[in-house]
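Chemist: structure of the sequence below:
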Amino acid sequence: MNIALPVVFLILFGSIFGKGDDQKPTIAFYSDLDVNVGTNYVRLSNIPSVDEIKSMEYDAVIVAVDDKIDVYVKSPIDLAQGEFEFFRLAYASAKSEKKLVQVRTHELNVGRSISELEYTLLGVITISFLSIGLNAGVRVYSDYVRYGLFKRFNVTPIDPLRLSMCVMSAQIITGIISSVLNLFLSLVLFGANLFVPPNMLWAFLLAVVAAVMINLALGILVALIFKKAAPAVSQLVFTILIFFSGVYFPVSILPRYLRIATYLTPPRYVHLMLQKVYGVETLSWGYFWFVSVAFILIGALLTGLTTRKFLRMTNLT
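Modeler: Residues are numbered from 1 along each chain as shown. As a prediction, the model looks like this:
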């Protein structure tokens, strides 16, 4: 189920955004004239600075002032040249005086950009880690406890540390298998080559381990707090995190007072880490390492303490 469910999401959302590579680039513009360019362009109310342009979500920003057009290109969108030419003609026709319009292009170094399809497919992988860790935490520390599995462990020579390592390693292996399967299906079904470059394989594996560990910790917390009701609660938590993490749906659709919740969701950070692996400047490498180490330590600590707790409880009964 932990592997099958993300595959269903991959096919579903991949089909919705499967034509992401054919979509027109998003272009915003500011003009000192009333330019009629239709609905494919987003009009800005003020002239943005270069730093503001870099932080915007648009592929390109056009600033047309005093017979000059500055085109700030943020991502490699060769097909947008026709869009730029259309805007130049529209700006020239809006002038009462037929003067030569000067066009200058500025390429901004904002890191690699990804398409909407690639963004969604990385979201599928992110949610697969959530499914793996959350379900494992609930299954092992809620269902298995009620079924008496830890009592059976007491008649074996296994110690809490070894059992904890088995639980964590099993989920990490599942996470690696799931991610590789999703990467392969992304290429076969949608033509999206998201295979990790060899020099970034270490970062991808670190992100996988961190993602599985923090979600395992989340599942353990649900199991400890809700006990018998943990399986049902985990499904509710899973659904909430999908909507509030910004993995599938943009955070901008949420009311402003609810956007703070996105910073409390592990999938948000996992998704940012995966984008960083593919060269998107979502966060610094220092922050990448900080989040990875923190997630791994939290997961390992909670898994070890909870395993020891249940083994000791069964010894006393």
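Chemist: in the stretch 51-200 of the chain, which spans are strands?
Modeler: Secondary structure of the stretch 51-200 of the chain (DSSP state E, counting those that start in this stretch): strands at 60-65, 68-73, 102-107.
Chemist: quick one, which of the ones you listed is nearest to residue 231?
Modeler: Closest approach to residue 231 among the strands of the stretch 51-200 of the chain (Cβ to Cβ): strand 60-65, 48.1 Å. The C-beta positions use only the backbone N, C-alpha and C, and glycine is treated the same way.
Chemist: sorry, back to before: looking at the strands of the stretch 51-200 of the chain, which is closest to residue 139?
Modeler: It's strand 60-65; of the strands of the stretch 51-200 of the chain, that one is closest to residue 139 (Cβ to Cβ) at 48.0 Å.
Chemist: for that closest one, packing partners?
Modeler: Judged by 3 or more Cβ pairs under 8 Å, 6 or more residues apart in numbering; DSSP states H and E, strand 60-65 is in contact with strand 27-31, strand 68-73, helix 81-93.
Chemist: leaving out sequence neighbours, find the closest residue to the residue positioned nearest the centre of the chain.
Modeler: Taking Cα atoms, centre = their mean, the centroid of the chain lies closest to residue 271, which sits 2.4 Å from it. Nearest non-adjacent residue to residue 271, counting by Cβ to Cβ, 6 or more residues apart in numbering: residue 126, 4.6 Å away.
Chemist: please apply the same query to residue 123.
Modeler: Nearest one to residue 123, counting by Cβ to Cβ, 6+ apart, is residue 247 at 3.8 Å.
Chemist: can you check my assumption that that neighbour lies in a helix?
Modeler: No: counting by DSSP: H, G, I helix; E, B strand; the rest coil, residue 247 is not found in a helix; it is coil.
Chemist: list phi and psi for it.
Modeler: Backbone torsions for residue 247, taken as degrees, to the nearest 10, come to phi -80, psi -50.
Chemist: host element of the residue nearest to the centre of the chain?
Modeler: Using DSSP states H and E, the element containing residue 271 is helix 266-277.
Chemist: so how far is residue 53 from residue 83?
Modeler: Separation of residue 83 from residue 53 (Cβ to Cβ, to the nearest Å) stands at 17 Å.
Chemist: quick check: domain ranges of this structure?
Modeler: The record's domain parsing of the chain by automatic domain parsing lists 4-14+115-316, 24-107.
Chemist: just the helices in the stretch 101-250 of the chain please.
Modeler: Ranges of helices in the stretch 101-250 of the chain, per DSSP state H, counting those that start in this stretch, are 116-138, 144-146, 149-153, 160-190, 201-226, 230-244.
Chemist: against residue 278, how distant is residue 192?
Modeler: For residue 192, the distance to residue 278 equals 11 Å [Cβ to Cβ].
Chemist: which neighbours do those two have in common?
Modeler: By the contact definition Cβ atoms under 8 Å, 6 or more residues apart in numbering, residue 192 and residue 278 are jointly contacted by residue 118.
Chemist: of the two, who's got more company?
Modeler: More crowded of residue 192 and residue 278, by other Cβ atoms under 10 Å: residue 192, with 23 against 18.
Chemist: residues in contact with that one?
Modeler: Residues in contact with residue 192 (Cβ under 8 Å, 6+ apart) are 115, 117, 118, 121, 186.
Chemist: need those in TSV with neighbour count, can you?
Modeler: Formatted as TSV, these follow (neighbours: other Cβ atoms under 10 Å):
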residue	neighbour count
115	16
117	23
118	21
121	28
186	23
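Chemist: ok, of the residues you listed, which one's closest to residue 69?
Modeler: Proximity of the contacts of residue 192 to residue 69, judged by Cβ to Cβ, is greatest for residue 115, which lies at 26.2 Å.
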